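In: could you look at this predicted model? Sequence included:
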Number of protein chains: 2
Amino acid sequence: MMEETAGITARATISESNRSQIMHHLYQHGVSSRATIAKSLNLTPAAITKITARLIEAGIIEETGGIEGRKNRRSIGLKLDTAKYHVIGVKFARSIVQIGVFDLAGAPINVENLPEVTNDAVDETVARVHAALNDLIASDPAIIAVGMAVPGPYLRHIGRIAVVSSMGEWRKVNFLREFRPSVPVPLFVEQDARAGALAQYLFSPDVSTEDLAYYLLGEGVGLGVIDHGRLVNGSLGAATEIGHISIDIDGRPCECGNVGCLERYCSTPAIHEMIDEAGIVDDSRQLTHNQACRRLFAMASEGDKDAVSIVRRIGRYVGFGAVTIFNAYNPERIVIGDIVAEAGPLLLREVQSVVDRHAIPELNDTTTITLSKLPADAALNGAAAVAITQFLEHPSLFFDLT
Amino acid sequence: MMEETAGITARATISESNRSQIMHHLYQHGVSSRATIAKSLNLTPAAITKITARLIEAGIIEETGGIEGRKNRRSIGLKLDTAKYHVIGVKFARSIVQIGVFDLAGAPINVENLPEVTNDAVDETVARVHAALNDLIASDPAIIAVGMAVPGPYLRHIGRIAVVSSMGEWRKVNFLREFRPSVPVPLFVEQDARAGALAQYLFSPDVSTEDLAYYLLGEGVGLGVIDHGRLVNGSLGAATEIGHISIDIDGRPCECGNVGCLERYCSTPAIHEMIDEAGIVDDSRQLTHNQACRRLFAMASEGDKDAVSIVRRIGRYVGFGAVTIFNAYNPERIVIGDIVAEAGPLLLREVQSVVDRHAIPELNDTTTITLSKLPADAALNGAAAVAITQFLEHPSLFFDLT
């Protein structure tokens, strides 16, 4: 459902599209009979029989025992076993790089944090990622793909990030050229928040909607938007860069060239600065951004007034960002995730309060803002979701289906 | 290409989609043979013959004389005659309401301006629109549809505008309920700037791209975005409301509830205020917004320093809005239109200069900003484009094709 097809232009595309629809159906519904699939997708039973036979033969789906069919007749069930195959997700977030193995339902099998990355150790980290990928793929034959989530603006057709505030060395890495040649399975790269939106869409049935935004508040501030079931991409894949939308045209300069970028007010580096200035966390200058933020959030949740006041200030910026998301994309749901979301209900209340005052009432009435509930970080889960989405959309990239 | 189809789900949808593709092909390419269409759309010659026979019978397309085919063989041409049918476009822009009749290529046949609307004369204007629609449809049997362009945020499934700064009475009009029952042809309503984007896409081959933004600077400030060939809509149809994105979270309050909305700085009412404050246009308070703006632009183009300085100030705001468009939607092209675009090259230079300083270089290098070159106002042309798009997408809504 995520791909950009302009219509029905090729016979080959029709078969792949039908295959993809059957896989999506089984992915969402679990066990289903051929008759149910045929009815739901409005395809002929003959077409379903033919396509599913090929998918069974390739080992993508399987038959289960008899299930209760219509009119109490028993019929054979079909199933896409989400535990059978695995994907690797890699999240690159400036100083933090995480690698996880996930099953096709997005459940984490193992997650590893690489050592903290400094701007002059990017090469070293890239080498570590290579080694980790090699080890994981060598030891787990169930792995069928690798997905990577990188800070935006990510230039999709080039394979490179355009701006990485505070960690410029990452700009030199061409992710596609760096990793594709040495990885024996298909590899995909996506902007981190867009990957996060895919993860919410695929793995969080309680928030999944056709009009969904994932609002990433971490080392960067990012956004991924699904509009009527499709990602908003932009010409170079660099759309939905909320972190570089100005909230004050006379505001703080940003490395992207703009001034007053939202990222300069509520990313973890910006919050770390607030903490240092306020002097409320001991030795805060020695801590990593995450450590400093987590200390702040812990103090705030214990009721420390100064800490609460800083979290509220952060919430005000995040809230204005949310109002921008309302007016720019009008999603039905905004899911907030990454480190800053760990500030929890206190932050969410402040965000909601800014939204209540400043959003267009009809949009506010129809939009829900929640915190991410995914088992892993949404962008890391999202890196896996990028790979899984490709598998569901283009099964023939992964298995011979001709 | 504009509609939201989730895939191939129904036989009926496939036929309509094939019909629509053939109509799009003929609309874009002029005369084409069945063989060329079959090849271009990857459909079987038999399918093309069947579908085109029905379209000819219904009078939507026609055969032309022999044309030069492949291998120098003569073949029969097919043509969608864009002069054969007409549509009405109505642009509602607060104080200004325009009605035009257009052919299917977007060429204006006649355009009428209704008397200036005041906030307490909205009912009267609605009655005038009814009368004009009745007259036009009664006198021109070639009219097959009506398109309307209204200020956003337009709540599509309700039929009403959510916020109309400075002309609140328009909020009370439910366009669908008001006009659909009394109009004997299909009628469609779209947010004005989104209509303008469709007009650029359909009628301006020199700017048409799959990633296009139309930036409306008139009585309101609006935006329509086509992303990979599809409009960005939002859950209620209220996405891409650039006019209500804040450029200063401590800025001027707006009727939408937000503060620092772009519309408060570079719409014609905002510019009128600047002119009044500067006192450089005689009796400016007695002029309409458009008259005041046009006087300002005329003075600036004659070199009046104060006027030039105000146009530059406007350009700065418009430029920051453009940077937001880059980061929010990453289009390949931004077309600026409506009254404020009449400030011309002076404005465009200032916009470009702000963009050159503040946009991400890779995005700036790949994005072109131009002024609209449509024959009529882009949103008025756009109202027609909304109707024509529906005709090309859903021909069976207009003609019996079963």
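Out: Done, it's in.
In: list the contacts for the residue nearest the centre of chain A?
Out: Residue closest to the mean C-alpha point of chain A, counted by Cα atoms, centre = their mean, is A:Gly196 at 1.6 Å. Residues counted as contacts of A:Gly196 (Cβ atoms under 8 Å, 6 or more residues apart in numbering or on different chains) are A:149, A:214, A:216, A:222, A:224, A:335, A:337-338, A:372, A:378-379, A:381-382. All C-beta atoms are positioned from the backbone trio N, CA, C, and that covers glycine.
In: tell me which other helices or strands the longest helix anywhere in chain A touches.
Out: Ranked by residue count under DSSP state H, the longest helix found in chain A is helix A:305-329. In terms of contacts (3 or more Cβ pairs under 8 Å, 6 or more residues apart in numbering or on different chains; DSSP states H and E), helix A:305-329 is packed against strand A:212-217, strand A:221-227, helix A:263-266, helix A:268-278, helix A:289-301, strand A:333-337, helix A:345-358, helix A:361-365.
In: quick check: buried residues in the longest one?
Out: Residues of helix A:345-358 classed as buried by neighbour count (16 or more other Cβ atoms under 10 Å in any protein chain shown): A:Leu346, A:Leu347, A:Leu348, A:Glu350, A:Val351, A:Gln352, A:Val354, A:Val355, A:His358.
In: residue contacts, the closest residue to chain B within the stretch 251-400 of chain A?
Out: Closest residue of the stretch 251-400 of chain A to chain B, Cβ to the nearest Cβ: A:Asn330 (2.6 Å). Neighbour list for A:Asn330: A:Asp211, A:Leu363, A:Thr367, B:Pro153, B:Asn233, B:Gly234, B:Ser235, B:Leu236, B:Gly237, B:Ala238, B:Ala239, B:Glu241 [criterion: Cβ under 8 Å, 6+ apart].
In: and chain A, what are its domains?
Out: Chain A breaks down into these domains under automatic domain parsing: A:11-79, A:86-197+A:380-397, A:208-373.
In: let me know which of those is the nearest to B:Lys79.
Out: domain A:11-79 (27.0 Å; Cβ to Cβ).
In: avg pLDDT for that closest one?
Out: Computed over domain A:11-79, the mean pLDDT rounds to 86.
In: now check it, is it near chain B?
Out: Yes - counting by Cβ under 8 Å from any Cβ of the partner chain, contacts between domain A:11-79 and chain B involve A:Arg11, A:Ile14, A:Ser17, A:Asn18, A:Ser20, A:Gln21, A:Leu41, A:Asn42.
In: closest to chain B among those?
Out: A:Asn42 (4.6 Å).
In: for the closest residue to A:Ala83 other than its chain neighbours, grab the count of nearby residues.
Out: Spatial nearest neighbour of A:Ala83, chain neighbours left out: A:Asp103 (5.1 Å); criterion: Cβ to Cβ, 6 or more residues apart in numbering or on different chains. When neighbours are counted by other Cβ atoms under 10 Å in any protein chain shown, A:Asp103 registers 18.
In: go on, A:Ser15?
Out: Using other Cβ under 10 Å: A:Ser15 sits among 17 other residues.
In: isn't it up against A:Lys50?
Out: No - contact criterion Cβ atoms under 8 Å: A:Ser15 and A:Lys50 do not qualify, at 9.4 Å.
In: what comes up buried for stretch A:163-174?
Out: Under 16+ other Cβ under 10 Å, the buried positions of stretch A:163-174 are A:Val163, A:Val164, A:Ser165, A:Ser166, A:Met167, A:Glu169, A:Trp170, A:Val173.
In: now do the SS call for the third one.
Out: Read that as A:Ser165. coil (DSSP: H, G, I helix; E, B strand; the rest coil).
In: roughly how far apart are it and A:Asn327?
Out: A:Ser165 sits at a distance of 24 Å from A:Asn327 (criterion: Cβ to Cβ, to the nearest Å).
In: likewise for the fifth one?
Out: With distances taken as Cβ to Cβ, A:Met167 is found 30 Å from A:Asn327.
In: cool, and the first one?
Out: Using Cβ to Cβ, one obtains 23 Å as the distance from A:Val163 to A:Asn327.
In: same check, this time on A:Leu223
Out: 13 Å.
In: list phi and psi for A:Ile67.
Out: phi -120, psi 160 (degrees, to the nearest 10).
In: rewinding a little: list just the nearest of the buried residues of stretch A:163-174 to A:Arg295.
Out: A:Ser166 (19.8 Å).
In: pretty sure that closest one is touching A:Thr118, no?
Out: No - the criterion here is Cβ under 8 Å, and A:Ser166 misses it with A:Thr118 at 10.9 Å.
In: in the stretch 1-150 of chain A, which spans are strands?
Out: A:32-33, A:62-68, A:74-79, A:86-93, A:96-103, A:108-113, A:143-150 (DSSP state E, counting those that start in this stretch).
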